[in-house]
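**Student:** Here is my input; please provide its structure:
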Amino acid sequence: MSRSELTPFSYVVLVLVGRGGAGPHDLMRMARQGRVYGTFADSQWYSEPKRLEHLGYLSSQKKPGRTRERTHYSLTRTGRDALAAWMSEPSGFSRLQLEPAWRLLAADLVGEEAVVASLAGLHAQIADLNAQIDAAEAVADQIPHRERYLRLNHRLARRIVEAHQDWLDEVERELGAGSEDAERPR
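**Tutor:** Residues are numbered from 1 along each chain as shown. Next up is the predicted model:
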């Protein structure tokens, strides 16, 4: 198999399938819980495992579900070898799509007030992400073989969210975001 057929998302799927295997629904649930790390279309969680199975990186079996049979994927030797080879390469800096930063750059085109108003929605999203990280931290011990790694990742996620909150506070201070005493979720 050619490793060129693997994308960054392919590796995400392989890692999340992990030791115990996972179905597309499990992958989507994990992805939603870890959305600080990246977001992908729901359909990709169904199509990519099928593609990886076709290429020999995953195998599948049908397992009973609540209402119908579910596909459960497991890593193959080829999949584990691909992960090992991936680890031999140096990690790059995170691929980021920072929409709020792009919005800020539009301030000279649409006005600062419009930008600040459009960024205000981040407060609720930041609060939601913090709650998700709290929930993830609370259950990390339920996956003992990954607990240490999950906790390290949760600390990174917390820092990413805090950086966004700090940046948003700075933008609002600099651009004059209305009432200083307005309550915002943190």
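
**Student:** Give me the residues contacting the host helix or strand of Pro49.
**Tutor:** Pro49 is located in helix 44-54, with elements delineated by DSSP states H and E. Helix 44-54 has contacts (Cβ atoms under 8 Å, 6 or more residues apart in numbering) with 9-10, 13-14, 17, 24, 27-28, 31, 58-60, 71, 73, 79. Using the backbone N, CA and C atoms, a C-beta is placed for each residue, glycine as well.

**Student:** wait, isn't Pro8 in contact with Arg95?
**Tutor:** Yes - using Cβ atoms under 8 Å, Pro8 is in contact with Arg95, at 7.0 Å.

**Student:** In terms of neighbours, single out the busier of those two.
**Tutor:** Neighbour totals were compared for Pro8 and Arg95, and Pro8 leads with 10 against 7 (other Cβ atoms under 10 Å).

**Student:** What is the least confident helix or strand in the chain by mean pLDDT packed up against?
**Tutor:** The helix or strand of the chain with the poorest confidence is helix 24-33; it has a mean of 85 (mean pLDDT, DSSP states H and E). With contacts defined as 3 or more Cβ pairs under 8 Å, 6 or more residues apart in numbering; DSSP states H and E, the packing partners of helix 24-33 are helix 8-17, helix 44-54, helix 122-139.

**Student:** Contacts for it next, please.
**Tutor:** 12-13, 16-17, 22, 38-40, 42, 45-46, 49, 70-71, 132, 135-136.

**Student:** 7 Å instead, please
**Tutor:** 13, 16, 40, 42, 45-46, 49, 70-71, 132, 136 (Cβ atoms under 7 Å, 6 or more residues apart in numbering).

**Student:** quick one: it to helix 44-54, angle?
**Tutor:** Helix 24-33 and helix 44-54 are oriented at 130 degrees to each other (axes from the mean of the first three to the mean of the last three Cα atoms, to 10 degrees).

**Student:** Please compute how far helix 24-33 lies from its chain's middle.
**Tutor:** Computed by Cα atoms, centre = their mean, to the nearest Å, the chain-centroid distance of helix 24-33 equals 10 Å.
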